[in-house]
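Visitor: Here is a sequence with its predicted model. Questions after.
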Amino acid sequence: MASKETWSKIRYFEADNGVDKFGDPDAISDTLLLSLDDFRHFLQLPLYVTSGVRPESDGRNSYHTRGKGACAVDVVCPQYEGHAIDLIFAAMRFGFSGIGYYPDWHFKGIKCGGLHLDTRPLGMDADGTKNYGHSLWMGVKVKGKQTYIGLNYANIIRNVK
Ligand SMILES: [Zn+2]
């Protein structure tokens, strides 16, 4: 739950500026918000939040819901001129434990792709190793249907221009 104190430390986002869609700015995870602000600072370009906290009807495995910690945002960076792979590498510096890349996302009518970023708690495998399974993915359209594939070199080259 993002406190007033956390929001006061945030440089690039406001709880309700009419542009960023945090959903419920009081419920959003502090950790996520601080990482997002650092990522935005690193990019030195506008980063727009297109979705934050969502109702439980979003699904029981959605980190956008309060039940799962409200620790996810979807963002777009329409002015980013580099390749998507560099944007993904940049995001990886900031401690997000879940990253999804969606090459087909639009912002104000322009196809710019976007990122889902979350700070989900990582589970432990039986041997005590942190389990990073299912935390890097791409969401692509296959014959018009949203399909999830691994976020890796081959899939990026195949699906991103
Ligand atoms: Zn998302």
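Guide: Nice, thanks for sending it over.
Visitor: element containing Arg158, please.
Guide: helix 153-159 (DSSP states H and E).
Visitor: contact partners of that helix?
Guide: Ala84, Ile85, Ile88, Tyr101, Pro103, Met138, Val140, Ile149 (Cβ atoms under 8 Å, 6 or more residues apart in numbering). C-beta coordinates here come from the backbone N, C-alpha and C atoms, glycine included.
Visitor: Relative to the whole chain's centre, how far out is it?
Guide: 19 Å (Cα atoms, centre = their mean, to the nearest Å).
Visitor: going forward, begin numbering at 381 instead of 1
Guide: Yes, from this point I'll number from 381; that puts the last item at helix 533-539.
Visitor: What are the buried residues along that helix?
Guide: Residues Asn535, Ile536, Asn539 are the ones in helix 533-539 that count as buried (16 or more other Cβ atoms under 10 Å).
Visitor: how about the residue positioned nearest the centre of the chain, phi and psi?
Guide: Centroid-nearest residue in the chain, with Cα atoms, centre = their mean: Leu497, separated by 2.0 Å. Main-chain torsions, Leu497, degrees, to the nearest 10: phi -130, psi 130.
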